[in-house]
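>>> let me see the structure of the following:
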Amino acid sequence: MISFVVPAYNEERLIGATLDAIHSAAREIGQPYELVVANDSSTDTTASIARDRGARVVDCEHRQIARVRNTGARASTGDVLIFVDADTVISSAVVRASLDAIADGAAGGGATLHVEGTLPWWGPPLLRVVGESMRVMRWAAGCYVFATRAAFETVGGFDERIFASEEIFFSQALKRVGRVVILREQVVTSGRKLRTHSAWDLIRLLGVFLVQGPRLLRNRAALSLWYGDRRHD
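Numbering: from 1, shown residues only. Predicted coordinates:
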């Protein structure tokens, strides 16, 4: 069985389309599946939207994406785990390619990203560099990550000591137990971070990272891009 795990914090604007797309993709595949939403401290209607769309909602209060992903996974029962962010739309093609990769021996992986909407001038070149780098390094982008449950449990899930880039650490851990595949098939994810933050915000974050190194990823207060007030566009 496939377990789709959706971490969510105040995602009432976008999660409905995400869950509808998961249901549509899974039904086209024709395999048994379940849909688990790990609802992390939401104060809006995220949970009720998820329940109305047939998801099992697991409430938690972590405000740490790695722990939220793990909470959803541990509440699920499938032998294949597919993590989909609440602002991301998937297709049957990417799910089928994920299952084919696992059947061919992969421990897990990710997909190619298409970022929706109009972006600032610096957005597309940044995304090309990041996307190609992640493909070469075989790092799954966090909005779509798949793995066998056996591999997930072997590596201990996502590293709960860090607050961002947990999918990169997870991808590196998966490489120790099997092959990691970045699929050519695309998922469509929100470009809101690029539209609601400036280039200066990213440059400043990069500068802090150059000074602090990986220690920065263990400091939630310094990661406002992920944990600051949600900006809508």
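>>> which residue, other than its chain neighbours, is closest to I162?
Excluding its sequence neighbours, the residue lying closest to I162 (Cβ to Cβ, 6 or more residues apart in numbering) is L217, at 4.3 Å. Every residue, glycine included, has its C-beta placed from N, CA and C.
>>> can you confirm Q186 is in a strand?
Yes: applying DSSP: H, G, I helix; E, B strand; the rest coil, one finds Q186 inside a strand.
>>> let the chain start at 607 from now.
All set: I'll call the first residue 607, so the last point we hit is now Q792.
>>> what is the neighbour count of the residue lying closest to Y615 once chain neighbours are set aside?
Computed as Cβ to Cβ, 6+ apart, the closest residue to Y615 that is not its neighbour in sequence is D646, at 4.7 Å. Neighbourhood size, D646 [other Cβ atoms under 10 Å]: 24.
>>> isn't the residue nearest to I768 right next to D765, touching?
No: between L823 and D765 no contact is recorded; they are 9.2 Å apart, counting by Cβ atoms under 8 Å.
>>> any residues in contact with both of the two?
Here L823 and D765 share no contacting residue, scored by Cβ atoms under 8 Å, 6 or more residues apart in numbering.
>>> how many neighbours does A746 have?
When neighbours are defined as other Cβ under 10 Å, A746 has 24 of them.
>>> element containing the residue lying closest to it once chain neighbours are set aside, please.
Once flanking residues are discounted, A746 sits nearest to G716: 2.6 Å by Cβ to Cβ, 6+ apart. Secondary structure from DSSP states H and E places G716 in strand 712-721.
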